[in-house]
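**Student:** Sequence and predicted structure are below.
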Amino acid sequence: MTADSIRPPFPAVFSVSSKTAAHLLPSGSSCALPACSTTAAAALLQCWMRSAPAITVVVTDSPRTLEALYQDVHTLSGGDMGATAYFPGWENLTDADLQGVSPEIAGDRLQTLTRLHHRGEPLCVFTDIQSLLQPVPPPGRLAARTLSLSQGARLPLDPLCETLLEMGYDFEAEVTDKGEAAKRGGVLDIWPPNHPSPVRLDFF
């Protein structure tokens, strides 16, 4: 894969490898850095993100390097990761059918795709080569399968539960994981895969 094949539409692409150099490609130019640890790369990225363009994609050579780099960025940023997104790959290609996949991986991927679709904020996306080679839903399909709820909205409870079932939510006695929902009287608990915690809807 060449730099030209991955540059558009992203203003910058970092390639971070545990064995090779990291490359910065802003606006057609390039800069090669000596091989460095993920901690050093994270420090460089902290400086870059202070004045980064709209979208930056950081591509690592493996899932292990991706996880280490993202954790180092998290540590150096003091936990302030609002301008970053994590896009891991399925553990194997058969996971792409979403049967029995990790809710955490599905949630991270969905959250990143949703944020890229809106593109209303500077964002630094962390991913690896394996993730980039795996298919993602078209933006139109993703938008069509997105349900937006707002406080004060008037929604009939039963039709909403039917919609959630059609979207793939599992109804349980209690919500304990992403992609689950629970209905008790006029209370509906939902844990969207792209949210860090479940939400509760009161119908009265």
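**Tutor:** Now that the structure is in, tell me what you want to look at.

**Student:** From here on, just use CA atoms for contacts and neighbour counts.
**Tutor:** Fine.

**Student:** all strands for this protein, in order.
**Tutor:** 12-16, 22-24, 31-33, 55-60, 84-87, 123-128, 170-171, 180-184, 187-190, 199-202 (DSSP state E).

**Student:** and the residue nearest in space to the middle of the chain, what is it in contact with?
**Tutor:** Note on the chain: the residue nearest the mean C-alpha position is Thr112, at 2.9 Å, using Cα atoms, centre = their mean. By Cα atoms under 8 Å, 6 or more residues apart in numbering, the residues touching Thr112 are Ala85, Tyr86, Phe87, Val125.

**Student:** can you pull the buried residues of the lengthiest helix in the chain?
**Tutor:** The longest helix of the chain (DSSP state H) is helix 103-118. Neighbour-count burial for helix 103-118, counted by 16 or more other Cα atoms under 10 Å, picks out Pro103, Glu104, Ile105, Ala106, Gly107, Asp108, Arg109, Leu110, Gln111, Thr112, Leu113, Leu116.

**Student:** Considering these, which is situated nearest to Leu165?
**Tutor:** Pro103 (16.3 Å; Cα to Cα).

**Student:** wait, what's in contact with that closest one?
**Tutor:** By Cα under 8 Å, 6+ apart, the contact set of Pro103 is Asp177, Lys178, Gly179, Pro193.

**Student:** If I look at the residue lying closest to the last one once chain neighbours are set aside, what pLDDT would I see?
**Tutor:** Right, the one you point to is Pro193. Spatial nearest neighbour of Pro193, chain neighbours left out: Gly107 (4.2 Å); criterion: Cα to Cα, 6 or more residues apart in numbering. We have a pLDDT of 84 for Gly107.

**Student:** of the contacts of Thr112, buried ones?
**Tutor:** Buried members of the contacts of Thr112, scored by 16+ other Cα under 10 Å, are Ala85, Tyr86, Phe87, Val125.

**Student:** What is the nearest of those residues to Ala41?
**Tutor:** For the buried ones among the contacts of Thr112, the closest approach to Ala41 (Cα to Cα) belongs to Val125, at 14.3 Å.

**Student:** measure the closest one to Ile55 for me?
**Tutor:** Distance, Val125 to Ile55, by Cα to Cα, to the nearest Å: 8 Å.

**Student:** Please apply the same query to Pro139.
**Tutor:** Distance of Pro139 to Ile55, computed by Cα to Cα: 17 Å.

**Student:** the more surrounded of these two?
**Tutor:** Using other Cα atoms under 10 Å as the criterion, Pro139 and Ile55 rank with Ile55 on top: 21 against 14.

**Student:** Show me what that one bridges to in the sheet.
**Tutor:** Ile55 has these beta-bridge partners by DSSP bridges: Leu123.

**Student:** Please look at it and His117 and confirm they touch.
**Tutor:** No: the criterion here is Cα atoms under 8 Å, and Ile55 misses it with His117 at 11.5 Å.

**Student:** Make TSV from the strands of the chain and add distance to Ala68 and mean pLDDT to it.
**Tutor:** Shown next, in TSV, are these (distance: least, Cα to Cα, whole Å; pLDDT from 0 to 100):
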stretch	distance to Ala68	mean pLDDT
strand 12-16	11	52
strand 22-24	15	44
strand 31-33	19	51
strand 55-60	10	85
strand 84-87	12	90
strand 123-128	11	90
strand 170-171	32	92
strand 180-184	29	93
strand 187-190	31	93
strand 199-202	30	90
